[in-house]
Each structure stands twice: as C-alpha cells, then as structure tokens.
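Visitor: Build me a model:
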Amino acid sequence: MNKIDKNIYLIGFMGTGKTTVAKILADDLGREFRETDEEIEKSEQKKIKDIFAEHGEKYFRQKEKAVLKRLSGERGLIVSCGGGVVIDPENRDLLKVTGTVVCLTASPETIYQRTKGLDDRPLLNVSDPLGKIKELLVSRDEYYRETGHLIIDTDSLNPKDVAVRIKEGIPE
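Guide: Coordinates of the predicted model:
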C-alpha cells in the first residue's frame, strides 16, 4: 500500500484538535474527511452524549469499533478518531496496520480550556473536569504513544501549523 492509499488517522484526547486539523488536512490533500463520532451519530441517529446517557460507554465503544472496522476497509481517508478509540487493543492494531496514525497531544490545562463549557463531552460532565482530564490522560497516554507513528503537541500551534507538520512528517 503506498502513501496515497493509506488512511491517515488522527488520534488523541478530546480537545487536542483532531477534527479541526483533519478537515484542514483533507482539504489540503484532496482527500475525504470522516469522523468516527459523526459516523456513530449517523448510524444511531442520536448525539454521542445521548448514546452514553441511554446505553453507557460499553455500548458506545462497540459502535466505535464497528465504525473503525468499516472505515479501515476504505482507502485514502483522513479520519478523526474519538479520544477513547485506543482503549481497545484490536482498534490500536487496526489503526497501525491500515494507515498512518498521527497522535495529537496537549496539556491537561489546554484541553480543559478548549473543552470547558461544552456539553457534548459526556466523560467530562463531572464536578472536577480538569481532574477527570488528568485521570483519563494518565490511563490512555501509553496507548496514544504506542499507536501513533507521529506525535505532535498542539499546545502552542494553530491547526494549520499542525496540518503542515503532519504533511512533513508522514512516512513514505
């Protein structure tokens, strides 16, 4: 599979800029953009926060896995993945085998600033969202790092600059 055929998957915690950067990248490279959460919402005909509320995280993760399997069968996509996609070892393997994986990172404080006030982040609907961000980052960090072919810290970069770094860093 050559570089143009491989999907490019953006992974990382919520608020690191995956969707915004993926859209820019898709535009720049003339590729189709997809977002796993959006695909789940379409198939379930519900918002992610409603899926979590009605069915729980386990159900959501099953739907996320099915969407990832479907998208991994396509070629040349730019895919923004949900922040927890890396929890499942099969998902991590699928990402690495079927595409180039770019992990976007940011500090807990930056993530908090980018996500505060948004009600569409069910895992952060708690009394201490910054504490929850730190807890989840610790539990997922090794998965993000082991899965990403390229890791980019987005703390001090604008989305366009992140897209440029991705294009420069994608392996042949």
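
Visitor: what comes up buried for the helix ranked longest in the chain?
Guide: Counting by DSSP state H, the longest helix found in the chain is helix 48-72. Buried positions in helix 48-72, judged by neighbour count with 16 or more other Cβ atoms under 10 Å: 48-49, 51-52, 60-61, 63-65, 67-68, 71-72. (Glycine included, C-beta is placed from N, CA and C.)

Visitor: and it, what's its mean pLDDT?
Guide: Across helix 48-72, the average pLDDT comes to 94.

Visitor: could you point out which element follows it?
Guide: Using DSSP states H and E, the helix or strand that follows helix 48-72 in sequence is strand 77-80.

Visitor: Give me the contact list for that following strand.
Guide: Outside strand 77-80, the residues that touch it by Cβ atoms under 8 Å, 6 or more residues apart in numbering are 7-10, 18-19, 21-23, 25-26, 29, 31-37, 71, 99.

Visitor: Quick one: distance of it to the chain centre.
Guide: Between the centre of strand 77-80 and the centre of its chain there are 9 Å (Cα atoms, centre = their mean, to the nearest Å).

Visitor: Put the alpha carbons of the next helix or strand after it into PDB.
Guide: Moving toward the C-terminus from strand 77-80, the next helix or strand (DSSP H and E) is helix 89-98. C-alpha atoms of helix 89-98 as PDB (Å, rounded to 0.1, in the frame of the first residue of the first chain):
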ATOM      1  CA  PRO A  89      -6.100  -3.300  21.600                       C
ATOM      2  CA  GLU A  90      -7.800  -4.500  18.400                       C
ATOM      3  CA  ASN A  91      -8.500  -0.900  17.400                       C
ATOM      4  CA  ARG A  92      -4.900   0.000  18.000                       C
ATOM      5  CA  ASP A  93      -3.700  -2.800  15.800                       C
ATOM      6  CA  LEU A  94      -6.200  -1.900  13.100                       C
ATOM      7  CA  LEU A  95      -5.200   1.700  13.100                       C
ATOM      8  CA  LYS A  96      -1.500   0.900  12.700                       C
ATOM      9  CA  VAL A  97      -2.000  -1.800  10.000                       C
ATOM     10  CA  THR A  98      -4.400   0.200   7.800                       C
END
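
Visitor: how big is the angle separating whatever helix or strand comes next after helix 89-98 from helix 48-72?
Guide: Note on helix 89-98: by DSSP H and E, the next helix or strand toward the C-terminus is strand 99-105. Angle of strand 99-105 versus helix 48-72, following axes from the mean of the first three to the mean of the last three Cα atoms, to 10 degrees, is 150 degrees.

Visitor: Quick check: which element contains Trp114?
Guide: For the record, residue 114 is Arg, not Trp. Element membership for Arg114 (DSSP H and E) is helix 108-115.
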